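> From the sequence below, what's the structure:
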Amino acid sequence: MHSEESAAAENLGAICGLIESRAGLRVGRGARQRLKDSLPRRMALGGFPQLCDYHRFLRDDPASGRELDLLAGLLTAHEPALMHPQVCEHVRRFVRMRAPADGERTTQGIAVLAIGPAAADDIYSAAVIIAEEGLDVLSGQVALSAVDVDLDRLLAAADGYYSGRVVAAVSEESLRWLFERASRRRYRVGAALRSRVQWLYASPAEGPPRTVLNRPWDLIICRDLLGKLTSRAANAWAGIGQMLSPCGMLLADRRAGVVGDLECSRCGRFWIHVRHENWREEERAVRSISPVRPVHCCLLPRTDTLWTMIRMLREDDGNATLSRAKTVAEMDPFNAGCRLAMAVMLLRRHAVGEAQTHALAALAIDPHSPEALMVCAMVYERQNRLRKAEQFYRKVLLVRPTMASAHLQLADVYRKSKRDADAQRIYDQLQDVLGNLANPTVAAGRQIHVASASSTAFRVGVNSVIRPE
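The predicted structure follows:
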């Protein structure tokens, strides 16, 4: 019996190590217990009789990527709770300091960024407080962005549904102005406010996305993430204090590095970081731990999945390409790019069922690959499963906001679903995206064609941006 308990503890520790190495999230004592309690159900769903069999699957099987992400999500589980008292107190104090005095006019805006599992609650709470302090939260002067490390939770947060119990802390005026009743017991954040929030995915191990590194922020709220990161992943997030504008404030659950031009103080369970007023913008690139570079299509990460897919799809002979991709998949089962190439080739041949199998396999290996998400969305759209296609196109835009073809295809799905207002909103967002790309012809000579539907074709660029023809 003792040896069985020892083996179980060893397998549990090995599973925790796999999660930490993949997701960059620290498995503490409480998280380890939550993981231990949930493993029997996950094992039963997968048909694994012993914990060692489940561990062997997570370690060796290429389809374990999605399962590891689900287990990592248990480490950042969050109960929806708007208007956290201590967070609201600090945010209200900050907004009052930045708000103009009576009778004064100002063109200075406020940029708010929320990071972590509670990002949706914090960004909506900040929007409510800004509105209650007399600022027009729906105007262009207020920039709102939310970053989360869980793609599914981020997608749900963008929908903005809350129970009546959760919104009980919101004032009646704010509830009437910024929320709408979805049912007798559910409320939804108003469409105007939801459209003002920019939703972005961030990998815990890689740090903040480049989109938020591209500008200074007046207020950053990161109250439920830094304490859950491994030491290696924490280094990637250590520079978020450098993203603050002069007199900006960072509210975090851990101290965000030691920076000379930041004042750091402890207040309850939070650390308050304030940037000095005399900080100069040109010092950002010199002092920043994570150098700030403008968002440009050629700076997007070149993933192995994308490069493998491009090398295979540039072949002239489709049969040879498909055969070569199958051979590579047999030799290297963890190669998501060859599976994605097979899915695209099968889509061209209208073999949608086989394409779906390979696309989902690629997504299991690399769950946050925008190319894998895009091909899965194209497969579901071919099957006329518009709701599933919409979810995957939205996930693509969360991971890669500059993917122009995802905007176009999502708008097309909305039009097929008779949601013309949503389609128009996506077209407007696309205009902003194309306007922000400094050089839309980058790598134009190194692109390949991908047909996603009978009447639509796309160019997949080497910079991981899929462009319409």
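> from here on, contacts and neighbour counts on C-alpha atoms
Noted.
> how much space is there between Lys228 and Leu251?
Per Cα to Cα, to the nearest Å, Lys228 is found 16 Å from Leu251.
> no wait, Leu45
Distance check for Leu45 against Leu251: by Cα to Cα, it reads 40 Å.
> quick one: which of those two has more around it?
Set Leu45 next to Leu251 and count neighbours by other Cα atoms under 10 Å: Leu251 wins out with 25 against 9.
> secondary structure class for the more buried one?
Under DSSP: H, G, I helix; E, B strand; the rest coil, the three-state class of Leu251 is strand.
> give the contact list for the spatially most central residue of the chain.
Nearest to the mean C-alpha position of the chain, by Cα atoms, centre = their mean, lies Tyr201 at 1.4 Å. By Cα atoms under 8 Å, 6 or more residues apart in numbering, the residues touching Tyr201 are 147-151, 154, 209, 398-399.
> Who is it paired with across the strands?
Tyr201 has these beta-bridge partners by DSSP bridges: Asp148.
> Next up, the contacts around Arg232.
Arg232 makes contact with 24, 205, according to Cα under 8 Å, 6+ apart.
> What residues sit buried inside the helix or strand containing it?
Counting by DSSP states H and E, the element that carries Arg232 is helix 231-237. Residues 232-237 are the ones in helix 231-237 that count as buried (16 or more other Cα atoms under 10 Å).
> Break down the stretch 351-469 of the chain into its strands, ranges please.
448-453, 456-460, 466-468 (DSSP state E, counting those that start in this stretch).
> Actually, the stretch 151-300 of the chain.
With DSSP E, counting those that start in this stretch as the criterion, the stretch 151-300 of the chain has strands at 161-163, 179-181, 186-189, 197-201, 217-222, 244-252, 262-267, 270-275.
> Quick check: which helices or strands does the top helix by length along the chain pack against?
Longest helix in the chain, counting residues (DSSP state H): helix 2-23. Counting contacts by 3 or more Cα pairs under 8 Å, 6 or more residues apart in numbering; DSSP states H and E, helix 2-23 packs against helix 51-60, helix 65-75.
> ok and that helix relative to helix 51-60, angle-wise?
Using axes from the mean of the first three to the mean of the last three Cα atoms, to 10 degrees, the direction of helix 2-23 lies 20 degrees away from that of helix 51-60.
> Run the angle between helix 2-23 and helix 65-75 for me.
Using the same axes, to 10 degrees, helix 2-23 lies at 100 degrees relative to helix 65-75.
> Need the contact partners of helix 2-23.
Contacts for helix 2-23 (Cα under 8 Å, 6+ apart): 25-27, 32, 36, 51-52, 55, 58-59, 68-69, 71-72, 203-205, 230.
> got the buried residues for that helix?
Within helix 2-23, the residues that count as buried by 16+ other Cα under 10 Å are 11-12, 14-20, 22-23.
> Take those and lay them out in CSV including distance to Glu172 and pLDDT.
What follows is the buried residues of helix 2-23, written out as CSV (distance: Cα to Cα, whole Å; pLDDT from 0 to 100):
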residue, distance to Glu172, pLDDT
Asn11, 51, 86
Leu12, 48, 87
Ala14, 50, 90
Ile15, 47, 90
Cys16, 45, 88
Gly17, 47, 88
Leu18, 47, 88
Ile19, 43, 87
Glu20, 43, 86
Arg22, 44, 82
Ala23, 40, 83
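> now, among these, which is nearest to Asp422?
Nearest to Asp422 out of those is Ala23 (Cα to Cα; 33.3 Å).
> thinking again about what came up before, Produce a ChimeraX select command limited to the buried residues of the contacts of helix 2-23.
In ChimeraX, this line selects whichever of those come out buried by 16+ other Cα under 10 Å:
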select :25,26,27,32,51,52,55,58,68,69,71,72,203,204,205,230
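> hang on, Leu75 packs against Gln33?
No: using Cα atoms under 8 Å, Leu75 makes no contact with Gln33, being 10.1 Å away.
> Please say which of these two ends up with more neighbours.
Leu75 (21 against 11).
> what sits against that one?
Applying Cα under 8 Å, 6+ apart to Leu75 gives the contacts 25, 27, 31, 34-35, 228.
> Go through the residues you listed and name the one with the lowest pLDDT.
The member of the contacts of Leu75 with the lowest pLDDT is Ala31, and it reads 80.
> Give me the buried stretch members for the strand or helix carrying that residue, please.
Assessed by DSSP H and E, Ala31 sits inside helix 29-46. Under the neighbour-count criterion of 16+ other Cα under 10 Å, helix 29-46 has 31-32, 34-35, 40, 43 buried.
> Val352: neighbouring residues, count only.
Counted by other Cα under 10 Å, the residues lying close to Val352 total 18.
> hang on, I meant Ala192
Ala192 is flanked by 13 other residues according to other Cα under 10 Å.
> does the closest residue to it other than its chain neighbours sit in a helix or strand, and which one?
With sequence-adjacent residues excluded and distances taken as Cα to Cα, 6 or more residues apart in numbering, Ala192 is closest to Leu138, at 6.9 Å. Of the helices and strands defined by DSSP H and E, none includes Leu138.
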